[in-house]
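Engineer: Need the 3D shape of this:
(2 chains)
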Number of protein chains: 2
Amino acid sequence: MTANYTSRIDRVVQWMKREALSALLFVDEEGRREPAIRYLTGHPSDAVLFLLADGRTILIPWDAILAGRVAKASEIIPYTSFERSLLTAFEKIAKREGLSGAVEVGAGTPYPLVGELAMRLPGGKIVCRDKGVDRALLDLRAVKDGGEIERLKSAARLTNDLLGELEGYIAGSKERTEVDVALFIEQEARSRGAEGLGFASLVAGPARSWGIHAFPNYSGGPFATAGMSILDFGVVVDGYPSDVTVTVLRGHLSSRQQLMVELVEEAYERAAVRARPGVESYDVAMVVDDLFRSKGFSMPHSLGHGIGLEIHEAPFLRTKRESSVPLLPGMVFTLEPGLYDETEGGVRLENDFIVTDQSTEVLTTARILRLP
Amino acid sequence: MTANYTSRIDRVVQWMKREALSALLFVDEEGRREPAIRYLTGHPSDAVLFLLADGRTILIPWDAILAGRVAKASEIIPYTSFERSLLTAFEKIAKREGLSGAVEVGAGTPYPLVGELAMRLPGGKIVCRDKGVDRALLDLRAVKDGGEIERLKSAARLTNDLLGELEGYIAGSKERTEVDVALFIEQEARSRGAEGLGFASLVAGPARSWGIHAFPNYSGGPFATAGMSILDFGVVVDGYPSDVTVTVLRGHLSSRQQLMVELVEEAYERAAVRARPGVESYDVAMVVDDLFRSKGFSMPHSLGHGIGLEIHEAPFLRTKRESSVPLLPGMVFTLEPGLYDETEGGVRLENDFIVTDQSTEVLTTARILRLP
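Structural biologist: Residues are numbered from 1 along each chain as shown, chains lettered A, B, ... in the order given. Purely as a prediction, here's the structure:
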């Protein structure tokens, strides 16, 4: 699978020209991940990247051997050449390149760091703003290109194969623990060629499924015993994830549990029907919000989110108008309505969708599983 | 196991008085973790926390049910009460409490957010600085209290039990893959009661052990075949981790591989001897740096780091004077000398240590394992 780094960089450079920027500075480090570096060079993590107005990229990786093997950049300089200091690297590159004018950094850049960088750019200024480079890159990344769609579909196929095995595994015994199920997923994903999991799987048996994000994410407790159990996971293929949630129902449900399940399935269907090309993401979210509210329920999380180099990225399907965007061909996102009750437990159904020119197609096959 | 939240808060409040602060604001969210919230309230993640000068804590969790079960705070208000908006929460609490004067936020706070917060605090100012509240809390957290030491020792004991099983598992077959070993560790850790792993295990067979942080962190490739394999993992007990690295040697080694192994073992011993109470962390790191340099090698990472609510925290054992601190009783840290070569592979040995009044004790039992 090839990636279109050149065309991605071209589009960012066009944006830089409109914004009159002389360079962009990206930093990816522990505690502050920056997917733009992988998006623009293929280098997976732990690096500094300069993108200059002429389209050149200067990658400064922690692991130069890894970069030499996987990254595409005009120049790769080991971080050790700058005494493993971001400020030293910035100062030296800025000087060598004669940087002046405006250099933009991500909106997540810590406040004190902006000041430190500015001191090292005497001929220019540091720009750090909320709807600048991050927004531009999120918008670009929200519409996937061919290489990305290929990877996302591979992740979805792997997930669907795995879901088939998983349903049998869960149904095959009443003695599974949460950790059994979590490790079954990881074993299956890795052995089928996944790079890893998209996030720490959430596996919550009936006693813990009231949590949106179970804590701890899985335990030695029982899974898929009587009641409602939730299982939320994703696999990564070459940097791109899937994200699905299965709810497992076992035995007799209370009338409130039955109502919750029916509402979630109804909400899922209504959202999937509404999420056509050109429709506002806000409007899709409101379909579900209206349904739940009309029955006296409310959902404590958003309806869905884009997936890509980040597990949560644009488009966001929320009941907030300010984050709304029209759904465009090439967007890939989740729909994941859910309801939770501290005594009854929780139910959620989540699959991944891709917007095409004419319609929206579901990529994954998670469902609410009913066991006797 | 109980935690000493009150005494921790008291110490932070004393520091706030010296710094003339009227409140601290902590935010923990995806992509920007803030261990101070768990340290001060027990709430594990996804929350906003105000600490006021009178010692009151106002916790605003995403998951109010979870907070109700595990957190200690003067007041717990669901995030949904503020429309799940940090700025709304800040504005309303600041108004209700009549906040004025200086409110400090963490040094990692994004530049644009500092401005947004300042606009919502007309009677005061937002402080965001490099060596402020983060440094104060890191310094506090670097010296563990009784409850923390108990948890760290539990994590170490669990790790040592697991290492015993693991050595047998690895030696028992020449057919283990990296993913086999990674999942064996997770299965053993979870089934022995770990909350989870401290970080994604790094399991790199001889073909990939040249990387400091193997990417992907484990694969379907072979582990512990001829040459040098690296295995770096940790387990978490009630929020507190271990962090160990085992190198597995199999078969005949080249003379350069042998030299690398001997140097790492020698460096480890010298560092362990040097790391007594009162010694500067810089001086410990220099013992290893001097040894490696005298033989024509250099280490591409630091010698060690504190472990606690974060897997990398103070004290840092680095060859940089500015991050040096004297090793104090109650500090818990790793020593992890390693050498890497793109063709020969890598070797690293890592264990966890605690500084006591008179000496420094090793907590874990990782070693370089030689297999025929």
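
Engineer: Excluding covalently adjacent residues, which one is nearest to whichever residue of the stretch 201-350 of chain A sits closest to chain B?
Structural biologist: Residue of the stretch 201-350 of chain A nearest chain B, by C-beta to the nearest C-beta: A:Pro216 (4.8 Å). C-beta: built from backbone N, CA, C; applies to glycine. Closest residue to A:Pro216 apart from its sequence neighbours, by C-beta to C-beta, 6 or more residues apart in numbering or on different chains: B:Glu195 at 4.8 Å.

Engineer: Check A:Val325 too.
Structural biologist: In space, A:Val325 comes closest to A:Pro315 once its chain neighbours are excluded; the distance is 4.9 Å by C-beta to C-beta, 6+ apart.

Engineer: ok, that neighbour - contacts?
Structural biologist: A:Pro315 makes contact with A:142, A:281, A:305-306, A:325, A:327, A:331, A:333 under the criterion C-beta atoms under 8 Å, 6 or more residues apart in numbering or on different chains.

Engineer: Show me where the stretch 201-350 of chain A has its strands.
Structural biologist: With DSSP state E, counting those that start in this stretch, the ranges of strands along the stretch 201-350 of chain A come out as A:202-204, A:227-233, A:235-237, A:240-241, A:244-250, A:304-306, A:313-317, A:332-335, A:338-341, A:345-348.

Engineer: and the second one, what does it pack onto?
Structural biologist: Contact partners of strand A:227-233 among helices and strands, from 3 or more C-beta pairs under 8 Å, 6 or more residues apart in numbering or on different chains; DSSP states H and E: helix A:178-191, strand A:202-204, strand A:244-250, helix A:255-274, strand A:345-348.

Engineer: now the angle between helix A:178-191 and that strand, please.
Structural biologist: Here strand A:227-233 runs at 30 degrees with respect to helix A:178-191, directions being taken by axes from the mean of the first three to the mean of the last three C-alpha atoms, to 10 degrees.

Engineer: quick one: the residue nearest to A:Pro216 and B:Val237 touch, right?
Structural biologist: Yes - in this structure B:Glu195 lies within contact range of B:Val237 using C-beta atoms under 8 Å: 6.3 Å.

Engineer: neighbour-wise, which of these two wins?
Structural biologist: Here B:Glu195 and B:Val237 are compared on neighbour count by other C-beta atoms under 10 Å in any protein chain shown; more neighbours surround B:Val237, at 25 against 21.

Engineer: domain parsing for chain A?
Structural biologist: Listed by automatic domain parsing, the domain ranges of chain A are A:5-140, A:143-371.

Engineer: and those, which is most packed in?
Structural biologist: Mean neighbour counts were compared across the domains of chain A using mean count of other C-beta atoms under 10 Å in any protein chain shown; the top stretch is domain A:143-371, at a mean of 20.

Engineer: Endpoints of that one, how far apart?
Structural biologist: Distance between the boundary residues of domain A:143-371 (C-alpha to C-alpha, to the nearest Å) amounts to 38 Å.

Engineer: That one - what's its average pLDDT?
Structural biologist: Per-region confidence: domain A:143-371 scores 95 on mean pLDDT.

Engineer: Please apply the same query to stretch A:8-23.
Structural biologist: Rounded mean pLDDT across stretch A:8-23 is 98.

Engineer: Contacts for it next, please.
Structural biologist: With C-beta under 8 Å, 6+ apart as the test, stretch A:8-23 has contacts from A:24, A:39-40, A:50-55, A:57, A:97, A:99-104, A:124, A:127, A:132, A:136-137, A:140, A:145.

Engineer: show me which of these neighbour chain B.
Structural biologist: Near chain B, judged by C-beta under 8 Å from any C-beta of the partner chain, there are no entries from those.

Engineer: Filter these down to the ones in helices?
Structural biologist: Among the contacts of stretch A:8-23, the residues falling in helices (DSSP state H) are A:39-40, A:136-137, A:140.

Engineer: now, which of those residues sits nearest B:Asp352?
Structural biologist: Each of these was checked against B:Asp352 using C-beta to C-beta; the closest is A:Tyr39, at 36.7 Å.

Engineer: Without its sequence neighbours, what residue ends up closest to that closest one?
Structural biologist: Leaving aside its chain neighbours, A:Tyr39 sits nearest to A:Leu309 (5.7 Å; criterion: C-beta to C-beta, 6+ apart).

Engineer: Any figure for the gap between the one you found and A:Val236?
Structural biologist: Look at A:Leu309 and A:Val236: by C-beta to C-beta, to the nearest Å, they are 10 Å apart.

Engineer: how much space between A:Leu52 and A:Arg38?
Structural biologist: If you go by C-beta to C-beta, the gap between A:Leu52 and A:Arg38 works out to 19 Å.

Engineer: And the spatially most central residue of chain A, its phi and psi?
Structural biologist: When chain A is reduced to its mean C-alpha position, the nearest residue by C-alpha atoms, centre = their mean turns out to be A:Ile311, at 1.3 Å. Taking degrees, to the nearest 10, you get phi -80, psi -20 for the backbone angles of A:Ile311.

Engineer: so what's it up against?
Structural biologist: Contact criterion C-beta under 8 Å, 6+ apart gives A:198-199, A:234, A:241, A:243, A:305 as the residues in contact with A:Ile311.

Engineer: ditto for A:Val143
Structural biologist: Residues touching A:Val143, when contacts are defined by C-beta under 8 Å, 6+ apart, comprise A:328-331.

Engineer: Same question for A:Glu104.
Structural biologist: A:19, A:21, A:23-25, A:126-129, A:132-133.

Engineer: Cross-check the contact I'm expecting between A:Arg270 and A:Phe292.
Structural biologist: No - under the criterion of C-beta under 8 Å, A:Arg270 makes no contact with A:Phe292, lying 10.7 Å away.

Engineer: Which neighbours do the two have in common?
Structural biologist: A shared contact of A:Arg270 and A:Phe292, defined by C-beta under 8 Å, 6+ apart, is any residue touching both; here there are none.

Engineer: any idea how far A:Val246 lies from A:Leu162?
Structural biologist: From A:Val246 across to A:Leu162, the span is 11 Å (C-beta to C-beta).

Engineer: Sorry, wrong one. I was asking about A:Leu99.
Structural biologist: According to C-beta to C-beta, A:Leu99 and A:Leu162 sit 48 Å apart.

Engineer: Also A:Ile307?
Structural biologist: Looking at A:Ile307 against A:Leu162, where the rule is C-beta to C-beta, the gap reads 16 Å.

Engineer: now the helices and strands packed on strand A:227-233 as a markdown table including distance to B:Val347?
Structural biologist: Putting those into a markdown table (distance: least, C-beta to C-beta, whole Å) gives the following:
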| stretch | distance to B:Val347 |
| --- | --- |
| helix A:178-191 | 25 |
| strand A:202-204 | 36 |
| strand A:244-250 | 40 |
| helix A:255-274 | 52 |
| strand A:345-348 | 45 |
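
Engineer: Is it possible to get TSV of these that adds distance to chain B?
Structural biologist: Compiled in TSV, the helices and strands packed on strand A:227-233 are given as follows (distance: least, C-beta to the nearest C-beta, whole Å):
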stretch	distance to chain B
helix A:178-191	4
strand A:202-204	11
strand A:244-250	16
helix A:255-274	16
strand A:345-348	10
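
Engineer: closest one to B:Asn351 among the ones you listed?
Structural biologist: For those, the distance to B:Asn351 is smallest for helix A:178-191, at 26.3 Å, taking C-beta to C-beta.

Engineer: contacting residues around the closest one?
Structural biologist: Residues outside helix A:178-191 that contact it (C-beta under 8 Å, 6+ apart): A:158, A:162, A:165-166, A:169-170, A:196-197, A:201, A:203-205, A:208, A:217-224, A:231, A:233, A:235, B:179, B:182-183, B:186-187, B:190-191, B:218-220.
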